[in-house]
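Engineer: have a look at this fold, sequence not included:
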């Protein structure tokens, strides 16, 4: 069984090694000896935390996939909906144990895997809007989420509850830089800047359910309301 998504989250970050084939954009997972299986409709329970933001309809559901190295070693479980322009990481395990520097099962970085997974599902990187991270167990991230909610006067001990951090909010820079998941997404946006249409993070949404912690990241592009002027 794959671990929860926080498993060695540092490998989600922007740390590509020199000579790694993944430094070239859009390299398929097959180049690393990985395989993708699935395509069945995902359970509504898996995406309940993100659907209030992305929406849901009979014609726009999430499909369920896993990426494996060999028949028994599942590295990643994710759900994706190109029509909703959304991708949710449910579980990931790229190393043999929890220790920093642990031996990796694959040289492929998760940001590159996400891009190939989204493209394989028929998604368009230029309009990709939503990234979700479900079932977060990382201590640093969970602490940050609680701090943000407490700062808004929201009691995280009474779930469900949520808070969104917008560009311009006083917590925005701290949330982006003090959280391994958003650092990883920023790395993805830098590496695939042209392919992603110069997308940037618009807001980060923290959702605490009775049983799990979840995160949602919304992206936007030049010409959209609030996009930062870099001139």
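Structural biologist: In hand now; what should we look at? Keep in mind the model is a prediction, meaning the values are calculated, not measured. Numbers count the residues shown, from 1 in each chain.

Engineer: can you map out the helices along this protein?
Structural biologist: Ranges of helices within the chain are 44-47, 51-54, 110-120, 139-151, 172-177, 180-191, based on DSSP state H.

Engineer: reformat those as CSV; add mean neighbour count.
Structural biologist: The C-beta positions use only the backbone N, C-alpha and C, and glycine is treated the same way. CSV is the format used below for the helices of the chain (neighbours: other Cβ atoms under 10 Å):
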stretch, mean neighbour count
helix 44-47, 15
helix 51-54, 16
helix 110-120, 22
helix 139-151, 17
helix 172-177, 15
helix 180-191, 20
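
Engineer: and the closest residue to residue 63 other than its chain neighbours, what does it touch?
Structural biologist: In space, and not counting its chain neighbours, residue 63 is closest to residue 39: 5.3 Å by Cβ to Cβ, 6 or more residues apart in numbering. Contact analysis of residue 39 by Cβ atoms under 8 Å, 6 or more residues apart in numbering lists 63-65.

Engineer: and those, which is closest to residue 223?
Structural biologist: Nearest to residue 223 out of these is residue 63 (Cβ to Cβ; 29.8 Å).

Engineer: wait, that closest one touches residue 40, no?
Structural biologist: Yes: Residue 63 is within contact range of residue 40, at 6.8 Å (criterion: Cβ atoms under 8 Å).

Engineer: who has more neighbours, the two?
Structural biologist: Comparing residue 63 with residue 40 by neighbour count (other Cβ atoms under 10 Å), the higher total belongs to residue 63, at 16 against 9.

Engineer: quick revisit: tell me the one of the contacts of residue 39 nearest residue 83?
Structural biologist: residue 63 (10.4 Å).

Engineer: bridged to the closest one, which residues?
Structural biologist: With DSSP bridges as the criterion, residue 63 is bridged to residue 41, residue 80.

Engineer: residues contacting it?
Structural biologist: By Cβ under 8 Å, 6+ apart, the contact list for residue 63 reads 38-42, 79-81, 121.

Engineer: how much space separates it from residue 42?
Structural biologist: To residue 42, residue 63 is 6 Å away according to Cβ to Cβ, to the nearest Å.

Engineer: which neighbours do these two share?
Structural biologist: residue 79.

Engineer: quick revisit: ok, which of the helices of the chain comes nearest residue 30?
Structural biologist: helix 110-120 (8.9 Å).

Engineer: packing partners for that closest one?
Structural biologist: Packed against helix 110-120, as judged by 3 or more Cβ pairs under 8 Å, 6 or more residues apart in numbering; DSSP states H and E, are the following elements: strand 63-69, strand 73-81, strand 86-92, helix 180-191.

Engineer: which one of these lies nearest to residue 135?
Structural biologist: Among the helices and strands packed on helix 110-120, the nearest to residue 135 by Cβ to Cβ is strand 86-92 (6.7 Å).

Engineer: list of residues touching the closest one?
Structural biologist: Residues contacting strand 86-92 (Cβ under 8 Å, 6+ apart): 2-5, 7, 12, 46-47, 50, 54, 62, 75-81, 110, 114, 117-118, 123, 128-135.

Engineer: alright, calling it a day.
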